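Q: sequence unknown, structure follows:
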């Protein structure tokens, strides 16, 4: 009978994510998009011209279902990350989360790129689509649609930004880094 020799069975690697919310004067990003710029270029120009009112950066939790989604993606058995959802819930993210606490809006991810071992996603919310006192957000994939709580939750984070008066268009820049 063959023996299995295990040498230094030590888990390494993982994923860490962060999300940056950028609040812009309404119409600024849309104006650049209408001139043929992609979202990344529009954001860059708006930042360069000082049109960002506020920027908030938060870390997030890649949840258990998110890790399973990545495993399925590696063998072509799932759809990629496709929606960014926002909500008003304040419950701390947990590894076992399968949806946001209180999802209020979601948008299809507008721009995706990889840079080395980092995936970068940007999502654009017009002010009229995010008139809430935002407290949480998350990224969805799998069979996610425009319907709230659909799909597989990949990550969950808390933040605090009051846009209930609809005074800002919002860009969410989401980054997830694969670590060795």
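A: Done, it's in. Computed from a predicted structure; not experimentally measured.

Q: could I get the full set of strands for the protein?
A: In the chain, the strands defined using DSSP state E lie at 14-24, 52-62, 83-87, 103-108, 111-115, 118-125, 133-141, 152-162, 169-179.

Q: turn those strands into a markdown table, including mean neighbour count.
A: C-beta coordinates here come from the backbone N, C-alpha and C atoms, glycine included. Shown next, in a markdown table, are these (neighbours: other Cβ atoms under 10 Å):
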| stretch | mean neighbour count |
| --- | --- |
| strand 14-24 | 19 |
| strand 52-62 | 16 |
| strand 83-87 | 25 |
| strand 103-108 | 20 |
| strand 111-115 | 12 |
| strand 118-125 | 20 |
| strand 133-141 | 24 |
| strand 152-162 | 21 |
| strand 169-179 | 20 |
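
Q: quick one: which of those strands is nearest residue 40?
A: Evaluated with Cβ to Cβ, these place strand 111-115 nearest to residue 40, the distance being 5.3 Å.

Q: chain center to that closest one, what's the gap?
A: In this view, strand 111-115 has its centroid 12 Å away from the chain centroid, taken as Cα atoms, centre = their mean, to the nearest Å.

Q: pairing partners for that strand, with directions?
A: Paired strands of strand 111-115, with direction, are strand 118-125 (antiparallel) (DSSP bridges).

Q: need the contact partners of the partner strand.
A: Applying Cβ atoms under 8 Å, 6 or more residues apart in numbering, the contact partners of strand 118-125 are 29, 39-40, 43, 81, 84, 86, 105, 107-114, 139, 169-178.

Q: apply 7 Å and report the result again.
A: 29, 39-40, 43, 81, 84, 105, 107, 109-113, 139, 169-177 (Cβ atoms under 7 Å, 6 or more residues apart in numbering).

Q: so that strand versus strand 152-162, what angle?
A: Between strand 118-125 and strand 152-162, the angle comes out at 60 degrees (axes from the mean of the first three to the mean of the last three Cα atoms, to 10 degrees).

Q: pretty sure residue 46 sits against residue 24.
A: Yes. At 5.5 Å, residue 46 counts as touching residue 24 under the criterion of Cβ atoms under 7 Å.
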